[in-house]
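[1] Give me coordinates for this.
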Amino acid sequence: MAESNAPKSDKTGSWRFILLFLLINILIFVLIWLMQQNWELIQQNRDMRTIVAEAETRMVGLVTTCEVDCTDKMVTVAARLGTEVARLTATIGASIPVPPTPTGLASITPSPTPTTLPTPTSTPIPVPTGTSTPSPTPAATETPTVEPKPPDETPSPPQPTVLGITPISMTRVPDSIGWLTVVITGYDFVATPPPTVRLRNVQAAVLMATAETITAMVPYTMPSGVYGLTVTNYGGEPSAPPRFFTVYEPDPPDPFYYTTLESSYLVTFGGQTGWSLGDDDQVQLLFVGVPDSLTDSLHLRIFDPDAGGQNCGDEIIGSPDTTITYTLYGLTHTYTLPEARAAHPTTGITSGTALVTNTMAVTNTWDGDWYLLHSFSPVDGELVDGRRVFKLAVEGAKEGDDGNLYNVVMSSSPDTNTVLSGVRLFAFSWTWLVHDRGGQRYRPHLYLYVPEGTAKVQPYFFPGPLPFQNGNGCVQICTPLDCLPATQTEYLVGSGEAGATWTIDMSNCELQDPYRRYAITFWAEDQGGVALPIFSRPTIVPPP
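    Next comes the predicted model:
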C-alpha cells in the first residue's frame with residue numbers, strides 16, 4: 001500500500017505546481033492588461049510595475065531552484081498578485097470590461113488544494129528590496145499592504161439631449177379618450193429601463209426607445225398652452241434645455257361664434273363706473289400682426305360693437321348711455337412708440353396714423369351680429385421685424401357707465417370670419433368677462449409671452465382679490481415646466497421657461513356669486529417694470 005501511494009503524491013504535487021504556475025501567469029497577464037486600460041493612472045502608481053517585475057523574477061527563481069515541492073511559495077506569490085489585481089480593478093473602476101482569457105488557459109480548472117497545503121491569509125506580504133537580484137527568501141522586515149478600495153458605485157446614466165419632437169403641436173380634443181403619437185429625437189437615451197418623458201406635468205406613455213429615438217403618446221385632452229418637453233433616463237437628470245410642444249384650443253364649429261380670447265367676451269366700460277366693475281382705465285388696445293408677405297386685403301370685423309342692447313350681454317346700468325369708439329391705427333409709431341406698449345397707455349393710444357374711426361351710438365342695431373369696421377391693405381401697417389402691425393383702440397365714453405361686450409377678428413373675408421394663417425392678436429393688458437350664465441363657464445386662457453433674458457415676472461389682476469371663492473388661489477400660472485398658484489407677487493424665470501408663453505388658467509375657479517358677471521383686467525411686467533405682451537393663443541414666436 002505504501003508503494004502504491006507514493007506515485008499518486010508525486011503526481012498530485014506536479015499538477016498542483018503546474019496549475020499554480022499557470023494561475024500566477026494569468027494574474028500577471030491581468031495586471032498588465034489593467035495597466036494598459038488606464039496608463040496615466042498606473043504611471044501615478046509606479047510600485048505596481050515593481051510588483052509585476054518581482055512576481056516574474058520569483059517565478060523564474062522558483063522554477064530554477066525548486067526541485068520537488070515549491071507550492072507554498074507559489075501560493076504566496078499568487079495571493080500577492082490576486083490582492084493587487086483586486087486593488088487595481090477597484091482603482092480604475094468597474095466600467096472597464098473583463099479582459100479576454102489567454103488562449104489555452106480557459107479550460108483549465110485548478111485541482112482542489114490538499115488539506116496539508118498552507119491556506120493563504122492576509123498576513124502582510126514582504127516588500128521588495130528594490131534591487132534587481134532575485135531573492136526567493138522573504139525579507140525580514142514586513143510592511144502591511146494597502147487595503148483594496150471598495151468598487152465605485154454604479155455610475156449615473158448620461159444626461160440625455162433632446163433635439164426635437166414631431167409633430168411640434170396639436171389641437172386639443174376636450175372629450176377625447178385618444179392619444180397622439182409623437183417621435184422624439186436626440187442622443188444618450190437609455191432604452192432599458194425606458195426613460196421618462198414629460199410635457200410640463202403630463203407624463204407621456206413611452207412605446208419604444210432606442211439610444212436616439214423615443215416613440216411616445218400624449219393625451220388629446222391636454223389643456224392648451226406651451227409645454228416644455230424633457231426626457232429623463234432612469235436614475236438620471238432631465239434633459240436640458242427643454243424643447244417646446246404647443247397645444248391649441250379647437251376653433252368653434254361655426255366661425256360665427258369666433259371669440260378673441262377663446263371662450264369669452266372682451267368688455268370696455270364707460271368712465272363713470274368702469275373702475276369699480278373691473279375695467280381700470282376704460283381703454284383696450286389690441287395689436288394685430290400679419291406677415292409682410294401677405295398681399296390679400298384684410299377685413300377687421302367686430303361682434304356687437306354697440307352698448308345699447310340689454311338682451312345681448314352688455315352690462316347696462318340703468319338706461320343705456322355709453323358710446324364706444326373704435327379707431328384703427330397703422331404706419332409709423334403705431335407700435336414702435338414705447339408708450340403704445342404700456343399696460344396703461346396715455347399718449348400711446350393715438351400713436352400712428354388713424355386709418356378709420358367710428359363711434360357707435362347707443363343702440364341695439366348690432367346686437368348679436370358682426371360689424372365690418374374697415375377693409376384695408378397689409379402695407380398700411382407699421383413694418384416691424386418682417387411683420388405689419390396694426391393697433392385697434394377701443395374707448396368707452398367718459399360720461400357713460402355701461403359696459404360693452406364684444407369680440408374682434410381680422411379676417412380674409414368681409415362677410416365671414418376666416419382667420420388668416422400667421423395673423424396674431426395680442427395686447428399688453430386685457431379686460432374680459434367671466435360668468436356662468438347659460439350653463440357655460442366663461443374662463444378664457446391668457447398667454448403671457450416671456451422673452452429671453454427675463455429674470456422675473458410680476459403679474460397684476462384687477463380688481464384684487466379676484467371674485468372667486470378662494471380669490472387668486474384657484475388661478476394657475478403655468479410656465480412650460482411647472483404650474484403655480486397666482487398668489488405670489490413675482491415669479492422667477494428658470495432655465496427653459498423663457499422664449500414662450502405662460503398660460504394664465506382660471507378653468508378651475510368657482511365664482512363667489514354664479515349669477516353675476518365679473519370683469520377682470522390682467523397685465524404683467526418684467527423686473528424692470530416693462531409690460532409683457534399677452535397673446536390670445538399660445539406661441540413660441542416672439543412679438544415684433
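[2] so where's the protein shaky on pLDDT?
    1-17, 20, 28-153, 274-276, 310-312, 438 (pLDDT under 70).
[3] tell me the domain ranges of it?
    1-109+121-152, 161-248, 255-535 (automatic domain parsing).
[4] what's the most buried one of these?
    Highest mean neighbour count among the domains of the chain (mean count of other CB atoms under 10 Å): domain 255-535, with a mean of 19. From N, CA and C alone the C-beta is placed, and that goes for glycine too.
[5] if we can go back for a sec, with distance to Pro544 added, can I get the domains of the chain in a markdown table?
    As requested, the domains of the chain are exported to a markdown table (distance: least, CB to CB, whole Å):
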| stretch | distance to Pro544 |
| --- | --- |
| domain 1-109+121-152 | 52 |
| domain 161-248 | 19 |
| domain 255-535 | 4 |
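[6] which phi and psi does Gly348 have?
    The phi and psi values for Gly348, taken as degrees, to the nearest 10, are phi -70, psi -10.
[7] Let me see the contact set for it.
    Going by CB atoms under 8 Å, 6 or more residues apart in numbering, Gly348 touches 285, 337-342.
[8] biggest separation within those, which pair?
    The largest distance within these, taken as CB to CB, falls between Leu285 and Pro338 and amounts to 13.3 Å.
[9] Same list (the contacts of Gly348) but as JSON lines, adding secondary structure and distance to Thr350.
    Listed next are the contacts of Gly348 as JSON lines, based on DSSP: H, G, I helix; E, B strand; the rest coil; distance: CB to CB, whole Å:
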{"residue": "Leu285", "secondary structure": "strand", "distance to Thr350": "10"}
{"residue": "Leu337", "secondary structure": "coil", "distance to Thr350": "10"}
{"residue": "Pro338", "secondary structure": "helix", "distance to Thr350": "15"}
{"residue": "Glu339", "secondary structure": "helix", "distance to Thr350": "10"}
{"residue": "Ala340", "secondary structure": "helix", "distance to Thr350": "9"}
{"residue": "Arg341", "secondary structure": "helix", "distance to Thr350": "14"}
{"residue": "Ala342", "secondary structure": "coil", "distance to Thr350": "13"}
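[10] And the residues you listed, which is closest to Glu452?
    Proximity of the contacts of Gly348 to Glu452 was ranked by CB to CB; the top entry is Arg341 with 17.5 Å.
[11] The closest one: what's it in contact with?
    335, 348, 428, 531, 533.
[12] residues in contact with the fourth one?
    So that's Ala531. Counted by CB under 8 Å, 6+ apart, Ala531 has contacts 341-343, 428-429, 523-525.
[13] how close does Gln284 sit to Asp188?
    Separation of Gln284 from Asp188 (CB to CB, to the nearest Å) stands at 49 Å.
[14] For the protein, just list every one of the helices.
    Assigned by DSSP state H, the chain shows helices spanning 2-37, 39-43, 47-65, 71-92.
[15] before we move on, back to that, go through the contacts of Arg341 and name the one nearest Gln476.
    Nearest to Gln476 among the contacts of Arg341 is Pro533, at 19.9 Å by CB to CB.
[16] Give me the phi and psi angles of the closest one.
    Backbone torsions for Pro533, taken as degrees, to the nearest 10, come to phi -70, psi 150.
[17] Hmm, Lys456 and Gln527 touching each other?
    Yes - Gln527 lies in contact with Lys456 (CB atoms under 8 Å); the separation is 4.8 Å.
[18] In this structure Asn407 contacts Thr260, no?
    Yes - if you go by CB under 8 Å, Asn407 and Thr260 touch, sitting 4.8 Å apart.
[19] residues shared between the contacts of these two?
    Leu266.
[20] In contact with Ser412, which residues?
    Counting by CB under 8 Å, 6+ apart, Ser412 makes contact with 296-299, 418-420.
[21] Next one: it from Gly178, what distance?
    From Ser412 to Gly178 the distance is 31 Å (CB to CB).
[22] picking that back up, and the contacts of Arg341, which is closest to Val218?
    Pro533 (27.5 Å).
[23] The closest one and Thr539, how far apart?
    Using CB to CB, Pro533 is found at 10 Å from Thr539.
[24] Give me the common contacts of those two.
    Tyr449.
[25] now Trp519: how far from Thr327?
    No, residue 519 isn't Trp; it's Ala. 22 Å.
[26] typo on my end, it should be Ile184
    Distance, Ile184 to Thr327, by CB to CB: 47 Å.
[27] How about Glu315?
    Distance from Glu315 to Thr327, by CB to CB: 22 Å.
[28] just Arg388 next, same as before
    17 Å.
[29] related to what we said a few turns ago, and which of the contacts of Ser412 is nearest to Asn364?
    Nearest to Asn364 among these is His299, at 23.5 Å by CB to CB.
[30] Bridged to Gly403, which residues?
    Beta-bridge partners recorded for Gly403 (DSSP bridges): Phe269, Glu315.
[31] residues in contact with Phe376?
    Going by CB under 8 Å, 6+ apart, Phe376 touches 297-298, 300, 328, 330, 355-356.
[32] repeat that for 7 Å
    Each residue near Phe376 by CB atoms under 7 Å, 6 or more residues apart in numbering is listed here: 298, 355.
[33] Any idea what it is bridged to?
    Beta-bridge pairing for Phe376 (DSSP bridges): Leu298.
[34] Next up, the contacts around the nearest residue to His374 once chain neighbours are set aside.
    Leaving aside its chain neighbours, His374 sits nearest to Val356 (4.2 Å; criterion: CB to CB, 6 or more residues apart in numbering). By CB under 7 Å, 6+ apart, the residues touching Val356 are 328, 373-374.
[35] switch the cut-off to 8 Å
    Val356 makes contact with 327-328, 373-374, 376, according to CB under 8 Å, 6+ apart.
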